[in-house]
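Undergrad: Give me coordinates for this.
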Amino acid sequence: MDLVLEVADHYVFDDLYAKVLPTTLAANIPAKWQNLLGLNGGFSNSTILQETLNSKNAVKECRKFYGQVPFLFDMTTTSFASLLPRSSILREFLSLWVIVTIFGLLLYLFTASLSYVFVFDKSIFNHPRYLKNQMAMEIKLAVSAIPWMSMLTAPWFVMELNGHSKLYMKIDYENHGVRKLIIEYFTFIFFTDCGVYLAHRWLHWPRVYRALHKPHHKWLVCTPFASHSFHPVDGFLQSISYHIYPLILPLHKVSYLILFTFVNFWTVMIHDGQYLSNNPAVNGTACHTVHHLYFNYNYGQFTTLWDRLGGSYRRPDDSLFDPKLRDSKETWDAQVKEVEHFIKEVEGDDNDRVYENDPNTKKNN
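TA: Model prediction:
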């Protein structure tokens, strides 16, 4: 994430922080508070910073002073013109919160919209368990949750920025660096798949489910926009393994960004209602549809391995892969009967769903 932050600092945040919190404000802040908060006021009047107006060497000295080692751009005088220097943990947190929120919202809306237009099976709109105004509710919950999930995520990136991870940049081609790079992708998937399974299964404990996970299970049949429609703590807890991995195992910085993006694509994909494969090893859309319909099965993210080991795997019905059977009244009636059984088992009478297409269960507004 330091690569992303460096680009953002260079093009946006250096100027923004210099305007909002210029070093001239230091005169109004006691020196002890400047030191305690890691502010830039005491350094703002130093000879080194004054020399940066004319000397490239002074910029290098400033970089040494703050311990910054840019990968992509050298620093400029603006990099040192704010009361909050780049090395400030407070600034790192605020900047990363903004970046992760914006990136998360754009990635969610972009990928879910693409899926909706080109992939999503819109016959789901006719399903008797599709909710009234469901897609709007999915989007509203996701858009409101992503900033809070980003706030909980940002401290992990701050730890990585400050050296508390095994992320690396340089590839050692002479010592099978490329092979190690490829292996990292497989170990990341293996590790995080286990982490998501454990977190997800814990979220189905009755008290935890009612407190955190129930909002995501409001959607019995999903659109791509359900992919990020979580209680923010729920979404964060299911992502923890993605942040633990680089703390304990080596991972290339660029690979981390690629995998982080891939996880979001995958999350959208397994909610798109398009059943392209019934591979018994892959926890694809059909497996996740089973989870939303019947609650207590298929907790995994990428594979069915951990569900098989944990006794929670349920093979998707063959009818999901036959368009004629999938959308038939007989199939939907059978699903509804079983769905109602699991709703009663998991949620009891605490069911506030208003269905769009089932006059027998539709509630009055």
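Undergrad: Could you pull out the helices in the stretch 51-200 of the chain for me?
TA: Here the stretch 51-200 of the chain has its helices, by DSSP state H, counting those that start in this stretch, at 56-66, 89-118, 134-161, 177-202.
Undergrad: Go through these and find the least confident stretch.
TA: Ranked on mean pLDDT, the bottom entry among these is helix 56-66, at a mean of 51.
Undergrad: which ones are touching R315?
TA: R315 makes contact with P280, according to CB atoms under 8 Å, 6 or more residues apart in numbering. The C-beta positions use only the backbone N, C-alpha and C, and glycine is treated the same way.
Undergrad: of the helices of the stretch 51-200 of the chain, which approaches P30 most closely?
TA: Closest to P30 of the helices of the stretch 51-200 of the chain, according to CB to CB: helix 89-118, at 17.1 Å.
Undergrad: what's the spacing between the closest one and its chain's center?
TA: Distance of helix 89-118 from its chain centroid, counting by CA atoms, centre = their mean, to the nearest Å, is 8 Å.
Undergrad: Report all helices and strands that that helix contacts.
TA: helix 2-8, helix 134-161, helix 253-269 (3 or more CB pairs under 8 Å, 6 or more residues apart in numbering; DSSP states H and E).
Undergrad: Packing partners of the shortest one?
TA: Taking 3+ CB pairs under 8 Å, 6+ apart as the contact definition, the neighbouring helices and strands of helix 2-8 are helix 89-118, helix 134-161, helix 253-269.
Undergrad: Redo the ones you listed as TSV? Include mean neighbour count and distance to T24.
TA: As requested, those are exported to TSV (neighbours: other CB atoms under 10 Å; distance: least, CB to CB, whole Å):
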stretch	mean neighbour count	distance to T24
helix 89-118	18	17
helix 134-161	19	27
helix 253-269	17	35
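Undergrad: which stretch among the ones you listed comes nearest H204?
TA: Nearest of the helices and strands packed on helix 2-8 (CB to CB): helix 253-269, 17.7 Å.
Undergrad: ok, back up a step: save the helices and strands packed on helix 89-118 as JSON lines, and put in distance to L293 too.
TA: Below are the helices and strands packed on helix 89-118 laid out as JSON lines (distance: least, CB to CB, whole Å):
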{"stretch": "helix 2-8", "distance to L293": "38"}
{"stretch": "helix 134-161", "distance to L293": "15"}
{"stretch": "helix 253-269", "distance to L293": "18"}
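Undergrad: Quick one: closest of those helices to V233.
TA: Nearest of those to V233, taken as CB to CB: helix 134-161 at 7.3 Å.
Undergrad: tell me the angle of that closest one relative to helix 89-118?
TA: 140 degrees (axes from the mean of the first three to the mean of the last three CA atoms, to 10 degrees).
Undergrad: Identify the residues contacting stretch 267-286?
TA: Against stretch 267-286 from outside (CB under 8 Å, 6+ apart): 108, 111-112, 115-116, 119-121, 124, 193, 221-228, 287-289, 298, 300-305, 307, 315-316, 318, 320-321, 326.
Undergrad: Point out the one among the helices of the stretch 51-200 of the chain that comes closest to V254.
TA: Nearest of the helices of the stretch 51-200 of the chain (CB to CB): helix 177-202, 9.4 Å.
Undergrad: Average pLDDT for the next helix or strand after the closest one, rounded please.
TA: Using DSSP states H and E, the helix or strand that follows helix 177-202 in sequence is helix 206-208. The average pLDDT within helix 206-208 is 95.
Undergrad: Could you do stretch 309-326 as well?
TA: Per-residue scores along stretch 309-326 average to 92.
Undergrad: hang on, the earlier thing: so which of the helices and strands packed on helix 2-8 is nearest Y168?
TA: helix 253-269 (6.9 Å).
Undergrad: Just want the angle from the helix or strand following the closest one to helix 253-269.
TA: Counting by DSSP H and E, the next helix or strand C-terminal to helix 253-269 is helix 285-294. Angle, helix 285-294 to helix 253-269, by the same axes, to 10 degrees: 60 degrees.
Undergrad: Would you pull up how far helix 285-294 lies from the middle of the chain?
TA: Here the centre of helix 285-294 is set off from its chain's centre by 21 Å, with CA atoms, centre = their mean.
Undergrad: what comes up buried for that helix?
TA: The neighbour-count check on helix 285-294 (16 or more other CB atoms under 10 Å) flags 285-294 as buried.
Undergrad: CA-only coordinates of it in PDB, if you can.
TA: Listed next in PDB are the C-alpha coordinates belonging to helix 285-294 (Å, rounded to 0.1, in the frame of the first residue of the first chain):
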ATOM      1  CA  THR A 285     -21.500 -18.900  -7.400                       C
ATOM      2  CA  ALA A 286     -23.600 -22.100  -7.000                       C
ATOM      3  CA  CYS A 287     -22.000 -23.000  -3.700                       C
ATOM      4  CA  HIS A 288     -22.500 -19.500  -2.400                       C
ATOM      5  CA  THR A 289     -26.100 -19.400  -3.500                       C
ATOM      6  CA  VAL A 290     -26.600 -22.600  -1.400                       C
ATOM      7  CA  HIS A 291     -25.100 -20.600   1.500                       C
ATOM      8  CA  HIS A 292     -27.600 -17.700   1.100                       C
ATOM      9  CA  LEU A 293     -30.600 -20.000   0.700                       C
ATOM     10  CA  TYR A 294     -29.900 -22.500   3.400                       C
END
